[in-house]
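**Student:** A predicted structure for the sequence below; I have some questions about it.
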Amino acid sequence: MIDHKFLSTPFVFKADSPEGTIEAVFSTLGVVDRGGDIVEKTAIEDGKSVPMVWSHDWSRMIGKGTVRVEDDRAVFTGNLFLDTDAGLDAYRTMKAMGDLLEYSWGFMPKEVEWIERDEKLIRRIIKAEQFEISPVLVGEGLNTGTLAIKHGLRFDEESESVLAAVKSLVTRSQSLAGLRTKEGRELSRANRDRLGSIAESLTSAARDLSGILKATEPADKGIDFDAMLADFLTTEARANGVAI
């Protein structure tokens, strides 16, 4: 699952460097952010080279740079491509918009932990694979960017994204159920109905995928699709608190 973190932060075009050189804080570390997550220092790779794209649209490359991880924040330093239309347009827009812009990074969580704080579940992002940095506009442009990045995924990337999303949901559901049990309560009817609907959709999707695999199975290789489906349904039942 491709995730995004947005941060309202000042940026600077460095006057003592070539025109178009930019520096911006794109993440705060070790604190609960606006999205209710904690991004740990270990989640972001120091010195990593990353592209800058406009509003998470991977077809609009506007620059590139490197990431610097500090004790309490992560900083992008790089250059806009002033010799391209996209880069030059971005440069002009960023100068005109000033502090009305936010900065965001696109990533895939690789290691997370759910913790309880003030009776709320908080996601600690311990490790992540970072893809890009984006200047973004508040509001309508964010939804457009999210759709663009999803449509830009290769098949293998989308497959990994879906698997990561399912695993994340199961982990979060288990944590929520455990918290309610600790409090002597049960999951709410709304959450149970929500999980039940998701379980039905996943079961249907598993059958459809098994059908695709069966239809495309090489003649000299045999795969026990029924066993695969049974394993999936068993895992799904356990995630929903059903004894096996």
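**Tutor:** Structure's in. What do you need? Since this is a predicted model, take the numbers as computed values, not measurements.

**Student:** all contacts plus neighbour counts: C-alpha atoms, from now on.
**Tutor:** Noted.

**Student:** In stretch 109-122, which residues are buried?
**Tutor:** Pro109, Val112, Trp114, Leu121, Ile122 (16 or more other C-alpha atoms under 10 Å).

**Student:** Among the residues you listed, which are located in strands?
**Tutor:** Pro109, Val112, Trp114, Leu121, Ile122 (DSSP state E).

**Student:** what's the most distant pair in the residues you listed?
**Tutor:** Pro109 and Leu121 (16.8 Å; C-alpha to C-alpha).

**Student:** Helix or strand next in line after the lowest-mean-pLDDT helix or strand in the chain, which one?
**Tutor:** Lowest by mean pLDDT, DSSP states H and E among the helices and strands of the chain is helix 140-151, with a mean of 28. For helix 140-151, the following helix or strand on the C-terminal side (DSSP states H and E) is helix 155-182.

**Student:** Report the distance from that next one to the chain centre.
**Tutor:** The chain centre lies 13 Å from the centre of helix 155-182; the measure is C-alpha atoms, centre = their mean, to the nearest Å.

**Student:** Please apply the same query to stretch 23-41.
**Tutor:** 13 Å.

**Student:** Which residue is the nearest non-sequential neighbour of Arg73?
**Tutor:** Thr28 (4.3 Å; C-alpha to C-alpha, 6 or more residues apart in numbering).

**Student:** Using the record's assignment, carve the chain into domains.
**Tutor:** Domain ranges of the chain: 3-152, 168-239, per automatic domain parsing.

**Student:** thinking again about what came up before, a markdown table please, covering the buried residues of stretch 109-122 and showing distance to Met97 and pLDDT.
**Tutor:** A markdown table is the format used below for the buried residues of stretch 109-122 (distance: C-alpha to C-alpha, whole Å; pLDDT from 0 to 100):
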| residue | distance to Met97 | pLDDT |
| --- | --- | --- |
| Pro109 | 31 | 90 |
| Val112 | 35 | 90 |
| Trp114 | 37 | 86 |
| Leu121 | 36 | 82 |
| Ile122 | 33 | 86 |
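
**Student:** of those residues, closest to Glu102?
**Tutor:** Pro109 (21.2 Å).

**Student:** hey, what's the closest one bridged with?
**Tutor:** Ala128 (DSSP bridges).

**Student:** okay but it is in contact with Arg123, surely?
**Tutor:** No. Counting by C-alpha atoms under 8 Å, Pro109 does not reach Arg123; the two are 10.5 Å apart.

**Student:** re the thing from before, could you check how far the residue nearest to Arg73 is from Leu195?
**Tutor:** 32 Å (C-alpha to C-alpha, to the nearest Å).

**Student:** rewinding a little: worst average pLDDT in the domains of the chain?
**Tutor:** Of all the domains of the chain, the minimum mean pLDDT falls on domain 168-239 (a mean of 78).

**Student:** Relative to the whole chain's centre, how far out is that one?
**Tutor:** 21 Å.

**Student:** And stretch 60-73, by the same measure?
**Tutor:** For stretch 60-73 - counting by C-alpha atoms, centre = their mean - the centre lies 17 Å from the chain centre.

**Student:** List of residues touching it?
**Tutor:** 25-30, 41, 44-54, 74-81, 84, 86-88, 90 (C-alpha atoms under 8 Å, 6 or more residues apart in numbering).
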